[in-house]
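# quick one, fold the following:
(one chain, ligands or ions: 2)
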Amino acid sequence: MISEQIKAALAPCGLDCEKCFAHVDGDIRRYSLKLLEKLGNFEVYARRFETLVGDPIFKRYPDFKAMLDYFAQENCTGCRNEQCKLFKNCGVRPCQQEKGVDYCHQCDDFPCEKTNFDKHLYDRWVAMNEKIKKIGIEAFYEKSRGYTRYP
Ligand code: SF4
Ligand code: SF4
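Ligands and ions are numbered 1, 2, ... in the order given. Next comes the predicted model:
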């Protein structure tokens with residue numbers, strides 16, 4: 001029986017929702033909020049540092065802040081709770097629910113053509129599920145803890 005903790009983290013495709021930049025409780029959102037708090041009104045200082053330090057990098061602060069604001073916005077609660085907010089036409093979630101499997105590798109039709117993934121994600125999906133099948137979901141989860149979602 002797969003623990004709820006693992007299922008909450010790892011979506012049926014094998015991707016780690018908790019490490020996704022869009023996850024409401026993920027590290028990326030948490031650290032972005034923290035960094036925005038620490039930076040305060042840095043936009044004012046970025047303009048000053050442009051001259052004081054003489055480095056044009058400070059001109060790019062508004063873009064950096066826009067990205068942080070984007071990461072910090074409240075977003076997704078994970079694939080087990082709602083349709084993916086990034087891959088809006090993901091075919092795995094509705095299909096996996098219909099098939100009644102926790103992960104695609106448990107399905108007799110794996111690997112199928114129902115995912116709607118692009119080649120990069122499709123290859124990753126196959127590789128993740130083959131790995132899960134080989135070493136088991138618990139070991140896969142443990143191994144994945146130290147890795148980024150964006151290798
Ligand atoms: S369901 Fe999609 S958007 Fe939501 S956390 Fe998982 S991968 Fe990210
Ligand atoms: S048919 Fe494909 S998408 Fe659906 S559960 Fe099976 S492997 Fe996953």
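
# where does this protein come near ligand 1, residue by residue?
Taking CB under 6 Å from any ligand atom, the part of the chain that reaches ligand 1 is made up of 11, 15, 17, 20, 22-23, 76, 78-79, 84-86. C-beta here means a position set from N, CA and C on the backbone, and glycine is covered the same way.

# report pLDDT for the spatially most central residue of the chain.
Geometric centre of the chain, nearest residue: residue 20, 1.6 Å, by CA atoms, centre = their mean. Looking at residue 20, its pLDDT is 97.

# surely it meets residue 76?
Yes: with contacts counted by CB atoms under 8 Å, residue 20 reaches residue 76, the gap being 7.0 Å.

# give me the common contacts of those two.
In the contact map built from CB atoms under 8 Å, 6 or more residues apart in numbering, the residues linked to both residue 20 and residue 76 are residue 86.

# can you show me the helices along the protein?
Ranges of helices in the chain, per DSSP state H, are 4-9, 27-39, 42-52, 61-72, 92-99, 119-135, 137-144.

# closest one to residue 112 among those helices?
Distance to residue 112, taken as CB to CB, is lowest for helix 92-99 among the helices of the chain, at 7.8 Å.

# for ligand 2, tell me whether the closest one is touching it.
Yes: using CB under 6 Å from any ligand atom, helix 92-99 reaches ligand 2 at 92, 95-96, 99.

# what residues of that helix count as buried?
Within helix 92-99, the residues that count as buried by 16 or more other CB atoms under 10 Å are 92-93, 95-96, 99.

# what's around residue 108, how many residues?
The local packing of residue 108 (other CB atoms under 10 Å) involves 7 other residues.

# what residues sit buried inside stretch 64-71?
Applying a neighbour-count criterion of 16+ other CB under 10 Å, the buried positions in stretch 64-71 are 65, 71.
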